[in-house]
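Asker: Just to be clear, the model below is a prediction. Sequence and coordinates:
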Amino acid sequence: MKEAIKYIPQSVSMRNLLDTWIKTFCSDKFVIALHNPKKHSKILKKLGISDQLKGLHEAEFITCIFETLEEAKNIFAVLCDNEGLFCSLYALNNFITDSIDETIRRSLENEK
């Protein structure tokens with residue numbers, strides 16, 4: 001009789017991976033993460049982002065680091081205007097909002 005192989009399955013979401021990436025590499029920064037960039041190559045090219053990256057076709061997300069929260073919020077508002085582009089805003093290792101959460105996004109836009 002075969003002995004059963006024991007294992008523990010775990011799922012890891014893209015949000016888990018991104019949060020870990022931010023914590024590890026950008027914990028003291030202001031960051032916008034652009035999700036699934038290969039689907040939005042035209043927008044990224046228009047914004048000049050794709051010209052600065054290698055391996056875009058393999059990326060699950062792109063992180064853009066800013067010096068201030070105000071700069072990140074301004075660019076985030078522009079990115080949110082591009083329909084279909086999903087992005088997340090982080091400040092000092094904290095998730096602030098994403099382009100889907102309209103309530104928080106509107107409050108950020110009203111602060112301008």
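Answerer: Nice, I can see it.
Asker: Could you pull up the residues touching the residue most central in space within the chain?
Answerer: Nearest to the geometric centre of the chain sits A33, at 2.0 Å (Cα atoms, centre = their mean). Residues in contact with A33 (Cβ atoms under 8 Å, 6 or more residues apart in numbering) are 18, 22, 61-64, 87-88, 90. (Each C-beta comes from the backbone N, C-alpha and C, glycine too.)
Asker: could you point out where the chain is predicted with low confidence?
Answerer: Within the chain, the ranges that satisfy pLDDT under 70 run 50-53, 55, 83, 101-112.
Asker: Please produce a ChimeraX select command covering the buried subset of the contacts of A33.
Answerer: Buried residues among the contacts of A33 (16 or more other Cβ atoms under 10 Å), as a ChimeraX selection:
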select :18,22,61,62,63,64,87,88,90
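Asker: Adding secondary structure and distance to F76, write the contacts of A33 out as TSV.
Answerer: TSV is the format used below for these (DSSP: H, G, I helix; E, B strand; the rest coil; distance: Cβ to Cβ, whole Å):
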residue	secondary structure	distance to F76
L18	helix	15
I22	helix	15
F61	strand	14
I62	strand	13
T63	strand	13
C64	strand	9
C87	strand	7
S88	strand	9
Y90	strand	10
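Asker: The strand or helix carrying the residue nearest to the centre of the chain pairs with which strands, and in what direction?
Answerer: A33 is part of strand 30-35, with elements assigned from DSSP states H and E. With DSSP bridges as the test, strand 30-35 is paired with strand 61-66 (antiparallel), strand 87-91 (antiparallel).
Asker: Tell me the spacing between E70 and Y90.
Answerer: 15 Å (Cβ to Cβ, to the nearest Å).
Asker: I appreciate the help and will end here.
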